[in-house]
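Trainee: Got a predicted model here, sequence first, then my questions.
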Amino acid sequence: MHKGAGATHWFIPDAYIPEKSSGLLTSHESVCVLNSSSDDAKLLFTIFFEDREPLEDIAVIVPGRRTLHIRTSSLQKDGAGIPVGVPYAIEVKSDIPIIVQYSRLDSTQAENALMSVVAYAVQ
């Protein structure tokens with residue numbers, strides 16, 4: 001068994017799926033997870049909003065010694081997903097240490113913008 005690097009509790013406070021896209025690329029966001037452990041990582045996502053209750057306990061598995069790019073538009077709980085054009089924040093909890101990166105492709109303008117940051121880890 002290989003023990004992975006990282007942390008088990010992560011936050012991404014500034015998330016937003018743009019409503020519009022232009023050109024060939026669709027505006028989107030991804031939470032990129034690296035699991036360097038030999039064991040599968042069991043993740044639970046919570047999505048926080050400004051004006052409504054959170055979407056809690058959205059389960060995702062990241063296999064051992066793999067990476068997974070999770071489009072935030074695919075995260076759902078009981079048929080409810082993240083609406084476009086609404087600010088939100090993300091909490092990721094894992095049963096083993098992982099690395100979390102957040103990326104947003106904004107293609108609302110003629111020039112595309114890509115933002116990518118490592119999430120905030122709680123130790």
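Mentor: Looks like it came in fine. Fair warning: this is a prediction, and the values are worked out from it, not measured in the lab.

Trainee: Please make it C-alpha for all contacts and neighbour counts, starting now.
Mentor: Will do.

Trainee: Sheet partners, orientation included, of the strand ranked longest in the chain?
Mentor: Longest strand in the chain by number of residues, with DSSP state E as the criterion: strand 88-106. In the sheet containing strand 88-106, the strands it pairs with under DSSP bridges are strand 7-15 (antiparallel), strand 28-35 (antiparallel), strand 41-49 (antiparallel), strand 113-118 (antiparallel).

Trainee: most centrally placed residue in the protein?
Mentor: Of all residues in the chain, the one closest to the mean position by Cα atoms, centre = their mean is Val31, 2.9 Å from it.

Trainee: any idea how far Pro63 is from the residue nearest to that residue when sequence neighbours are not counted?
Mentor: Across the structure, with Cα to Cα, 6 or more residues apart in numbering as the measure, the residue nearest Val31 apart from its sequence neighbours is Tyr102 (4.7 Å). Here the distance between Tyr102 and Pro63 works out to 19 Å (Cα to Cα, to the nearest Å).

Trainee: Out of these two, name the residue with the larger neighbour count.
Mentor: Tyr102 (23 against 17; other Cα atoms under 10 Å).

Trainee: ok, that one touching Ser30?
Mentor: Yes. Taking contacts as Cα atoms under 8 Å, Tyr102 lies within contact range of Ser30: 5.9 Å.

Trainee: Show me the common contact partners of these two, please.
Mentor: Common neighbours of Tyr102 and Ser30, using Cα atoms under 8 Å, 6 or more residues apart in numbering, do not exist here.

Trainee: what about this structure, any weak spots by pLDDT?
Mentor: In the predicted model, the chain carries pLDDT under 70 at residues 1-2, 20-28, 105-117.

Trainee: Point out the most buried one among the strands paired with strand 88-106.
Mentor: Mean neighbour count (mean count of other Cα atoms under 10 Å) peaks for strand 28-35 among the strands paired with strand 88-106, with a mean of 22.

Trainee: quick one on the thing from earlier: could the strands paired with strand 88-106 be laid out in JSON lines, adding distance to Ser73?
Mentor: Listed next are the strands paired with strand 88-106 as JSON lines, based on distance: least, Cα to Cα, whole Å:
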{"stretch": "strand 7-15", "distance to Ser73": "11"}
{"stretch": "strand 28-35", "distance to Ser73": "8"}
{"stretch": "strand 41-49", "distance to Ser73": "11"}
{"stretch": "strand 113-118", "distance to Ser73": "17"}
